[in-house]
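K.L.:
I'll drop the sequence and a predicted model, then ask my questions.
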Amino acid sequence: MDSHGTPGTTHAHEHHELSFIRKYIFSEDHKIIGIQFLFTSIIFLGLGGLLALMVRIQLAWPHYEIPLIHEYFKTNGGRIHESFYNMLFTMHASVMIFFVIIPFLTGAFGNFTIPLMIGAPDMAFPKLNMMSYWVLWPAFVLISFSFFVDGGAAASGWTGYPTLSSAGMPIGGAFESPAAPGSGHGQIFWLMSLLCVGVGSMMGSVNYITTIINMRAPGMTLYRMPMTIWAMFITAILQAFALPVLTVALFFQLLDKTLGTTFFLPDGLTFGNWSPHVGGGQPLLWQHLFWFYSHPAVYIMILPAMGMVSDIISTFARRPLFGYRAMVYSIAGIAGLGFIVWGHHMFQSGMDPRLGTGFMIATIMIALPSAVKVFNWLGTIYRGNIQFTTPMLFALGFVSLFIIGGLSGIFMAATPVDIYIHDTYFIVAHIHYVLFTSSLFGIFGAIYYWFPKMFGRMMNDNLGKVHFFLTFVFGNCVFFPMHLVGIMGLRRRIPDVTAGILERNTLPLNEFMSISALILGTVQLIFVANFLWSLFFGKKADRNPWHANTLEWTTGNPVPGHGNFDTVPVVHSGPYVYGEFGAKDNCLQTEKPEPGMAGAAH
Amino acid sequence: MGNKGWSILFGVVMLACALSFAVAPMMGWWLPRGESSHAWDVDFLFYVIFWIVAFFFILTEAVLVIFLWLYASNPDGKRPVSESAEAVGFMKPVTGFLNNEHRIELAWTFIPSVILLYIAFAQVSAWADIKYAARQKDPWKSATVGKTDGGAALQMAVSARQFEWRVRYPSVERFKKWMDPKRTDKSDYDSFGKAPQADDIYVVNEIHFWEDYKITPDQNKPNDHVWRHNSVVVYLTTRDVIHSFNLPNFRVKQDALPGKMIPVWFRTAASRVEKMDGKIDERYPLHKTHNCKWDNDKNRYVDGINPDSGEKDNAFIFDLACAELCGWGHYRMIGRAFVHKDQADFLNWLEIAEKENRKRE
């Protein structure tokens, strides 16, 4: 585990050949595990995207038959059934959050970048790392199969609020739900699947924390770590503290559904004409437990992207990251405050409104570290030498659209304003600006950025730019009007926008958004084609194609198997020494910077 | 152009976003008119945040676009601006500031935190007035202005279920007792929310209340009256899953929680004499809210009537649309709010509803 060997000596490799299965499938190599996470996340991104497109089609044309699947709904006149629609958006959100964004950020990029960027030969616990991926497979199987169980997949929202999600039949009855068809077997599969995801994330976060604390290369002090690593570090801490709470909540709900406990089920429930329960539980308890995890989870889904974007921006602006320490403090600030703001999801829930006031003030103040980060990114490109490569474009797209996502959050943090916009499309707009146009933009940027180090080949930059251009334009066309329909009062989670008088006027805007969404979805095929083509036929990449400074670029292409580095790297400077100094404008972390170089202070 | 083209893309897309907010109110893509007395506060706070946010949106996006334009790499790879060069013209006054990393970090931490704290504390009192039980006037006396008694607040109990709103009203006799200036039976009034009675009136998917009535605080000056507004207290319960009592036109939203009774208070917009001394609070605009009238042909009350013109107007249909996912029928769990023009009109409806109820028995 200790990599702090004598600087410069050759690292002792064990050169025994691994079988194909040990090397590529049950691999203990962090790079392979990262790539495994990457591929599975891309596949689930496709699934989640298709679910989203079906949601959008239904919203724009609520009274038409949905192409391809209308045969399945013959009894409903070819139109999809409302509970099927509820399943669509529930599974879209669940898949995107638990199987796309989190595995992408912490699984794929956390695994790939952490040892390479701190100069470690591998993770602290390689076997645990392998298990953190394979424990997800039961989750993949359960979530995929849940579409085909009796009653369909979970359909009570990704938040799974009791009692809609958890009310059960009398003891001895079947696992169906009296509240909604999807809340029977589908919900049980959903709960079990998320439990597996949680266990996997937990294994990952323990591993990341240990690796970053113990295995940094000689000279890699904490304040010489790239921002990506800082973000991964703090994210891992967040996960380690928040996940147990979700795990407990999921278990409680699973017990409610299967063993007849009543953690979240109060007395006196009546469905139709019969009362299935003895009670004694409290549905609000689920919301507290769920959001105690899921609000920090929002930051788990954005902080690593912020870290990676910081590195990308600094690299391609050829400027030191402005306010490096302020950036670290603001990530830590977001993480700290992130634990005391969960109640802002519950202002209208029946929680004591006096608690709402406290949660509101904490929530509004969390905008501050986010604002500081935006200003620091602007400070970084100020007087830069901006190279508009594809990763840089996605990183800049992240900054410009995170501003929107951040600012719109202030509306819903304000309790009186939230009375009106709570559960409207304004919220949907906000979350998609933060998760789609921010997190996913960061992920796209990171894929284009680290692809050469992962696979030794470059992705096509021109196709990448086309991909960025269309995603940026149509992403905004899809999500920006959601603010407006939210202000008009359109509720979220409804399959037919013509049901209410107030909401009926949003139909033209909904059509516009849906057409944009279909284009946006199609455009992603450019990315898939570029990705697959470049895997095999991309231009061979140099060791350091972007002229970046961090350690992963000092090692060969492809990165040597176990061990990562031919010799243990010794770090002499911070990660962001860029500027004008003679023939080249960067200084690798393994090089000694000349005195006076910008960013060399660390 | 070359690299500078990208800054134009960012500029154009962000400008389009900003413009869509400018165009939206003209297209009617905006907040519906507020019909409750607290709607003015909610909307005011919305606009406070809106303008602050708009300012910072335009500022930061503009800075981003300008930087992308100015500092785009030259086609020959040379730096567009030397590290040691003078600042561009408009930046000159703040050059010294910009070059001091510590000072500028402090500035852009301190200034936003002051603004954010302002935003946060500006919300506190409105939120308390709308939702805190301690801030509500006692419903038993809530229509009292100065020394004049206007009766107790209208109480109704709403029980949500998949997928309808079932509303319970007091009987006509009981209602008249509550509105009597000489009323005495407070325990009967207070028990309404907790205990249903045999003569209660049940209505599905319609909530009825009335707009306002005229009172004269000083009996010696009969023409010096105040339009005093009626308070509504809703005792909200659900018997199966979580629903949300959502009257967007009234800026009212409250989840109904299984196993709990949650009170909801609001008043219609027509008058805002909420000062304890009975004076009119001049800040607020005053408009009529009542939206229903008796229709002889249909033999029932119809809503969606513009109070000024008396004509049919969809802007005056007030949906009571469930806002928390409650199952397959969630989207169509929509009731209507009927606002009668005065207490007499409401009473007229209540008598009809009572007859309907008794007919079924």
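P.N.:
Cool, the structure landed.
K.L.:
neighbours around A:Ile212, how many?
P.N.:
26 (other C-beta atoms under 10 Å in any protein chain shown). Just so you know, the C-beta spots here come from the backbone N, C-alpha and C atoms, and that holds for glycine as well.
K.L.:
no wait, A:Ile526
P.N.:
So A:Ile526, with other C-beta under 10 Å, has 17 neighbours.
K.L.:
Now do the same contact list for the nearest residue to it once chain neighbours are set aside.
P.N.:
Spatial nearest neighbour of A:Ile526, chain neighbours left out: A:His467 (4.6 Å); criterion: C-beta to C-beta, 6 or more residues apart in numbering or on different chains. Going by C-beta atoms under 8 Å, 6 or more residues apart in numbering or on different chains, A:His467 touches A:Thr390, A:Phe444, A:Val523, A:Gln524, A:Ile526, A:Phe527, A:Asn530.
K.L.:
Equivalent analysis for A:Val298, please.
P.N.:
A:Gly338, A:Val434.
K.L.:
Give me the pLDDT value at whatever residue of the stretch 1-150 of chain B ends up closest to chain A.
P.N.:
Closest residue of the stretch 1-150 of chain B to chain A, C-beta to the nearest C-beta: B:Lys131 (3.7 Å). B:Lys131 carries a pLDDT value of 93.
K.L.:
now swap in A:Asn586 and tell me
P.N.:
Looking at A:Asn586, the pLDDT reads 87.
K.L.:
Where does pLDDT dip in chain B?
P.N.:
Along chain B, segments meeting pLDDT under 70 span B:1-2, B:83-99, B:143-150, B:212-219, B:221-230, B:270-286, B:360-361.
K.L.:
A:Leu238: neighbour count?
P.N.:
Neighbour count for A:Leu238, taken as other C-beta under 10 Å: 22.
K.L.:
Relative to chain B, how far out is A:Thr522?
P.N.:
19 Å (C-beta to the nearest C-beta, to the nearest Å).
K.L.:
Would you agree the residue of the stretch 1-150 of chain B closest to chain A is in contact with A:Met351?
P.N.:
No - B:Lys131 is beyond contact range of A:Met351, at 10.4 Å (criterion: C-beta atoms under 8 Å).
K.L.:
Comparing these two, which residue is more hemmed in?
P.N.:
The neighbour count for B:Lys131 versus A:Met351, taken as other C-beta under 10 Å, is higher for B:Lys131 (24 against 18).
K.L.:
if I pick the more buried one, what's in contact with it?
P.N.:
Going by C-beta under 8 Å, 6+ apart, B:Lys131 touches A:Pro353, A:Gly356, A:Thr415.
K.L.:
ok now do the residue in chain B that chain A sits nearest to, which residues does it touch?
P.N.:
Nearest residue of chain B to chain A (C-beta to the nearest C-beta) works out as B:Gly259 at 2.7 Å. Contact analysis of B:Gly259 by C-beta under 8 Å, 6+ apart lists A:Pro266, A:Asp267, A:Gly268, A:Leu269, A:Gly279, A:Gln282, A:Pro283.
K.L.:
cool, B:Val124 as well?
P.N.:
A:Thr357, A:Met360.
K.L.:
Just want the most central residue of the chain.
P.N.:
Picking chain A for this. A:Ile101 (2.6 Å; C-alpha atoms, centre = their mean).
K.L.:
actually it's chain B I care about, not the one you picked
P.N.:
Chain B has B:Arg251 as the residue nearest its centroid, 1.7 Å off, counting by C-alpha atoms, centre = their mean.
K.L.:
which parts of stretch A:35-55 are buried?
P.N.:
By neighbour count with 16 or more other C-beta atoms under 10 Å in any protein chain shown, stretch A:35-55 contains the buried residues A:35-38, A:40-42, A:44-49, A:51-55.
K.L.:
Would you state the helices of the stretch 151-300 of chain B in chain order?
P.N.:
B:172-179, B:186-190 (DSSP state H, counting those that start in this stretch).
K.L.:
Would you confirm that A:Leu502 belongs to a strand?
P.N.:
No - per DSSP: H, G, I helix; E, B strand; the rest coil, A:Leu502 lies outside any strand segment and is helix.
K.L.:
Assess the claim that it and A:Gly486 are in contact.
P.N.:
No - with contacts counted by C-beta under 8 Å, A:Leu502 stays clear of A:Gly486, the gap being 11.9 Å.
K.L.:
Which of the three states applies to B:Asn79?
P.N.:
No, residue B:79 isn't Asn; it's Arg. Per three-state DSSP, B:Arg79 ends up coil.
K.L.:
Would you map the strands across the stretch 151-300 of chain B?
P.N.:
For the stretch 151-300 of chain B, applying DSSP state E, counting those that start in this stretch gives strands covering B:154-161, B:164-169, B:201-204, B:206-210, B:212-215, B:226-229, B:231-238, B:243-247, B:252-256, B:262-267, B:292-295, B:300-303.
K.L.:
Dump these into TSV; add mean neighbour count as well.
P.N.:
As requested, the strands of the stretch 151-300 of chain B are exported to TSV (neighbours: other C-beta atoms under 10 Å in any protein chain shown):
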stretch	mean neighbour count
strand B:154-161	23
strand B:164-169	21
strand B:201-204	16
strand B:206-210	22
strand B:212-215	20
strand B:226-229	22
strand B:231-238	23
strand B:243-247	27
strand B:252-256	27
strand B:262-267	20
strand B:292-295	17
strand B:300-303	16
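K.L.:
Now distance to A:Ile494 too, for those, in JSON lines please.
P.N.:
As requested, these are exported to JSON lines (distance: least, C-beta to C-beta, whole Å):
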{"stretch": "strand B:154-161", "distance to A:Ile494": "16"}
{"stretch": "strand B:164-169", "distance to A:Ile494": "16"}
{"stretch": "strand B:201-204", "distance to A:Ile494": "20"}
{"stretch": "strand B:206-210", "distance to A:Ile494": "21"}
{"stretch": "strand B:212-215", "distance to A:Ile494": "33"}
{"stretch": "strand B:226-229", "distance to A:Ile494": "32"}
{"stretch": "strand B:231-238", "distance to A:Ile494": "18"}
{"stretch": "strand B:243-247", "distance to A:Ile494": "12"}
{"stretch": "strand B:252-256", "distance to A:Ile494": "15"}
{"stretch": "strand B:262-267", "distance to A:Ile494": "22"}
{"stretch": "strand B:292-295", "distance to A:Ile494": "26"}
{"stretch": "strand B:300-303", "distance to A:Ile494": "22"}
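K.L.:
Sweet, I'm off.
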